[in-house]
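In: coords please:
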Amino acid sequence: MKITNKDIDGGKPFDWGRTSSDYAKFRDIYPKEFYQKIIEQKLCVSGQSVLDIGTGTGVLPRNMYQYGAKWTATDISENQIKQAKALSKGMDIDYYTVATENLSFPDNSFDVITACQCFWYFDHKTVMPKLYRMLKRGGRILVLYMAWLPFEDKIAGASENLVLKYNPNWSGAGETIRPIDIPDCYKENFELAYHEEFTLRVPFTRESWNGRMKACRGIGASLTKKEIMEWEQEHRALLERIALKEFDILHYGAIAELKKH
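Out: Have a look, this model is predicted:
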């Protein structure tokens, strides 16, 4: 499903469903430390019911399934949910294709609602009251994010510049370590209980880093097939010049935990 938002990529339409196969293969990359930060907050663990909104290919529920929470996950893209279900065989995870703005689970359904790598896509004035209603008393919204650091990491910076060559209005560029921005409308019904920002080193090969970049919004989700092919040819040549066969990319992770009043 195409999404257009004037505040994202200069309004250029994007569709995560177009890159679902690459997304499934190359974007399940969060290191153990990332998930450990969540467990340390005693969230998404046994005895809790968790809703993951904007789940994509189900990366968060699949990787945290071992900790015993009961997971429900939703995404606007049918292709993303199809991949999530295929990758979750043997796991008791309930997946639904639905826009976050249209969620209609009963009141007091969840202990935790998670949003990983997707929070800025939502219409928060519509979504916030729904999340508040669906959370149990004292429930939490957990907003999660991870991004490469282009100014500190040479390879990340070079790859990012190549994305901008093909998609100059891509607004995913230029990340620096910073807290997650929580829209003001949440202050009415939630308090910021905790936040943390931390660096991470994520291992890649030339192939997996090319795949990770190809599966970003600025390439696979928005460019034409011809543009993607040309970008990929140029990106592979770039990595041959500047990267070893195996390398780490410096990222940062960020967590914001909101507590329901």
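
In: ok, and what's touching stretch 58-72?
Out: Residues outside stretch 58-72 that contact it (CB atoms under 8 Å, 6 or more residues apart in numbering) are 27-28, 30, 35, 38-39, 44-52, 55, 73, 83-85, 87-88, 91-96, 105, 110, 112, 114, 116, 144. Quick note: C-beta positions are derived from backbone N, CA and C, even for glycine.

In: in strands only, show me these.
Out: 49-52, 73, 93-96, 110, 112, 114, 116, 144 (DSSP state E).

In: quick check: chain neighbours aside, which residue is closest to Pro129?
Out: Spatial nearest neighbour of Pro129, chain neighbours left out: Asn189 (7.7 Å); criterion: CB to CB, 6 or more residues apart in numbering.

In: the one you found: how many residues sit nearby?
Out: 17 (other CB atoms under 10 Å).

In: just checking, it touches Lys260?
Out: Yes. Here Asn189 reaches Lys260: they are 6.6 Å apart, a contact under CB atoms under 8 Å.

In: shared neighbours of those two, anything?
Out: Contacts common to Asn189 and Lys260, judged by CB under 8 Å, 6+ apart, are Tyr132.

In: average pLDDT for the longest helix anywhere in the chain?
Out: Criterion DSSP state H: the longest helix present in the chain is helix 225-242. Here helix 225-242 scores 98 as its mean pLDDT.

In: which helices and strands does that helix pack with?
Out: On a contact count with 3 or more CB pairs under 8 Å, 6 or more residues apart in numbering; DSSP states H and E, helix 225-242 meets helix 154-166, helix 206-214.

In: which one of the ones you listed lies nearest to Thr224?
Out: Closest of the helices and strands packed on helix 225-242 to Thr224 is helix 154-166, at 9.9 Å (criterion: CB to CB).

In: helices or strands up against that closest one?
Out: Helix 154-166 packs on helix 206-214, helix 225-242, strand 246-260, going by 3+ CB pairs under 8 Å, 6+ apart.

In: now do 6 Å
Out: helix 225-242 (3 or more CB pairs under 6 Å, 6 or more residues apart in numbering; DSSP states H and E).

In: most centrally placed residue in this protein?
Out: Centre of the chain computed as the mean C-alpha position; nearest residue by CA atoms, centre = their mean is Gln117, 2.3 Å away.

In: ramachandran coordinates for it?
Out: phi 70, psi 30 (degrees, to the nearest 10).

In: just give me the neighbour total for Lys25.
Out: 17.

In: now Ala69
Out: Neighbour number of Ala69 under other CB under 10 Å is 21.

In: ok, back up a step: let me have the helices and strands packed on helix 225-242 in JSON lines, extended by mean pLDDT and distance to Ser222.
Out: Listed next are those as JSON lines, based on pLDDT from 0 to 100; distance: least, CB to CB, whole Å:
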{"stretch": "helix 154-166", "mean pLDDT": "98", "distance to Ser222": "10"}
{"stretch": "helix 206-214", "mean pLDDT": "98", "distance to Ser222": "12"}
